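# based on what follows, work out the 3D shape:
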Amino acid sequence: MQLTSAWVSLILNNRWFLWILLFVNIIGTVYGYDWYMWQLEMTEPKFWIFVPDSPTASLFFCFVLIGWLLRTHFRLFEALALLTLVKYGVWAVVMNLWTLQETGSIGAAGWMLVFSHGAMALQGVLYWRRYRFGWLSIALATIWTLHNDVIDYLFGQMPIYGDLMKYMEYVGYFTFWLSIICILLLAWNWKSRHKVVTEEIDPVV
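This next block holds a predicted model:
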């Protein structure tokens, strides 16, 4: 078991793997912003930054990967990435499966969203031991996330899921508690890292 864990760590922290992951996330980020273009066209410019939630999460992770490749830590981006990758990864999976229940089909595009967002959440937690953010980064990431929820569900800037719009109050309630869980996830990560010596944690190879 320990040998398997060591091999997984070696692969995840290999520079070539990090470069590949960075490339995949850049492609996914560009595709995600393009996906939201139609909604951005009907959105007031002051709300643009709050609309494309998932591609912004992968953009945060791009900066995290760049930091690791440079052998440094962009701590605020690490906190934002872990929080938003898990939050919007889980959120999109749930919304698409809910749509499947409502309509009976989500098509190839819907299943693509399920698997790609599931992978998005997974990559966030795979690097659990590598993050170095502290309480200030957690606080700022919390403000960003809860403010985004306010903009989405009080100002109506949430991602548009046609068949689920009639349940928007329930979607908003679910999203709020998902945010709280992901904020607690950051605090758990911070606390768990204090039990491990920094120099012993997964160097980039």
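# for the rest of this, base every contact and every neighbour count on C-alpha atoms.
Will do.
# neighbouring contacts of stretch 158-168?
Under the contact criterion C-alpha atoms under 8 Å, 6 or more residues apart in numbering, stretch 158-168 has outside partners 39, 51-52, 95, 98-99, 102-103, 151-152.
# again, only using 6 Å
With C-alpha atoms under 6 Å, 6 or more residues apart in numbering as the test, stretch 158-168 has contacts from D152.
# average pLDDT across that stretch?
For stretch 158-168, the mean pLDDT works out to 86.
# in it, which residues are buried?
Of all the residues in stretch 158-168, those buried under the rule 16 or more other C-alpha atoms under 10 Å are 158-159, 164.
# also stretch 110-121?
Per 16+ other C-alpha under 10 Å, stretch 110-121 contains these buried residues: 110-111, 113-114, 116-118, 120-121.
# out of the buried residues of stretch 158-168, who's nearest L184?
M158 (22.7 Å; C-alpha to C-alpha).
# what strand or helix carries the residue lying closest to Y31 once chain neighbours are set aside?
Nearest residue to Y31, sequence neighbours excluded (C-alpha to C-alpha, 6 or more residues apart in numbering): P55, at 7.9 Å. Counting by DSSP states H and E, the element that carries P55 is helix 53-69.
# now the element after that helix, going C-ward?
Using DSSP H and E, the next helix or strand after helix 53-69 towards the C-terminus is helix 75-103.
# run through the neighbouring helices and strands of that following helix.
helix 53-69, helix 107-126, helix 135-154 (3 or more C-alpha pairs under 6 Å, 6 or more residues apart in numbering; DSSP states H and E).
# turn the buried residues of stretch 110-121 into a markdown table, including pLDDT and distance to R193.
Shown next, in a markdown table, are the buried residues of stretch 110-121 (pLDDT from 0 to 100; distance: C-alpha to C-alpha, whole Å):
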| residue | pLDDT | distance to R193 |
| --- | --- | --- |
| G110 | 92 | 37 |
| W111 | 96 | 35 |
| L113 | 94 | 32 |
| V114 | 96 | 31 |
| S116 | 96 | 28 |
| H117 | 97 | 26 |
| G118 | 97 | 25 |
| M120 | 97 | 22 |
| A121 | 97 | 20 |
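# farthest pair within these?
Pairwise distances across the buried residues of stretch 110-121 peak at 16.6 Å for G110 and A121 (criterion: C-alpha to C-alpha).
# low-confidence stretches in this protein?
For the chain, the stretches flagged by pLDDT under 70 are 1-6, 195-205.
# the residue nearest to Y31 against G32, yeah?
Yes. Using C-alpha atoms under 6 Å, P55 is in contact with G32, at 4.9 Å.
# which of the two has more neighbours?
P55 (25 against 18; other C-alpha atoms under 10 Å).
# quick check: closest non-adjacent residue to F115.
Among residues not flanking F115 along the chain, V93 sits closest, at 7.7 Å (C-alpha to C-alpha, 6+ apart).
# got the contact list for the helix holding P55?
Identification of contacts with helix 53-69 by C-alpha under 6 Å, 6+ apart yields 22, 25, 29, 32-33, 73-74, 77-78, 81, 84-85, 88.
# buried subset of the residues you listed, written for PyMOL?
Command for PyMOL, covering only those of the contacts of helix 53-69 found buried under the criterion 16+ other C-alpha under 10 Å:
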select buried, resi 22+25+29+32+33+73+74+77+78+81+84+85+88
